[in-house]
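1. The amino acid sequence is not available; the structure is as follows:
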């Protein structure tokens, strides 16, 4: 599976870590992504680095990577 992307403030953000891929029993061929601490990710994208396009979850914090 390729790295997942999320849309925050009309920007596509690539997640390098901080997510889990989960499969459903009803639809095993369509996995979905669960983001760890999604609220903190939104805050980091909006406040910290407005030009970053990739984030990673390191030591309990979202860090702008690229």
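-> Looks like it arrived, so ask away. The structure presented is a predicted model; accordingly, all values stated were derived computationally and were not measured.

2. where does the most far-flung residue of the chain relative to its centre land on pLDDT?
-> With distances taken as CA atoms, centre = their mean, the residue sitting farthest from the centre of the chain turns out to be residue 26, at 24.2 Å. Each residue has a pLDDT score; the one for residue 26 is 77.

3. That one sits in which helix or strand?
-> Following DSSP states H and E, there is no helix or strand that holds residue 26.

4. Please enumerate the helices of the protein.
-> In order along the chain, the chain carries the following helices (DSSP state H): 38-43.

5. Looking at the residue nearest the centre of the chain now. What's its pLDDT?
-> Centroid check for the chain by CA atoms, centre = their mean gives residue 15 as the closest residue, at 4.0 Å. Model confidence at residue 15, given as pLDDT, is 96.

6. need the contact list for it.
-> With contacts defined as CB atoms under 8 Å, 6 or more residues apart in numbering, residue 15 is in contact with 3-6, 33, 35, 54-57. Quick note: C-beta positions are derived from backbone N, CA and C, even for glycine.

7. where are the low-confidence patches of this protein?
-> Scanning the chain for pLDDT under 70 picks out 1, 49.

8. For it, which segments count as strands?
-> 5-8, 11-15, 19-22, 32-35, 54-58, 61-64 (DSSP state E).

9. Which neighbouring elements make contact with the last one?
-> When contacts are defined as 3 or more CB pairs under 8 Å, 6 or more residues apart in numbering; DSSP states H and E, strand 61-64 sits against helix 38-43, strand 54-58.

10. winner for burial among these?
-> For those, the largest average neighbour count (mean count of other CB atoms under 10 Å) is found in strand 54-58, namely a mean of 17.

11. List of residues touching that strand?
-> With CB under 8 Å, 6+ apart, strand 54-58 has contacts from 13-19, 36-37, 41, 44-45, 62-66.

12. and with 7 Å instead?
-> By CB atoms under 7 Å, 6 or more residues apart in numbering, the surrounding residues in contact with strand 54-58 are 13-18, 36, 41, 44, 62-66.

13. Please report which of these has the highest neighbour count.
-> Using other CB atoms under 10 Å as the neighbour criterion, residue 62 leads those with 25 neighbours.
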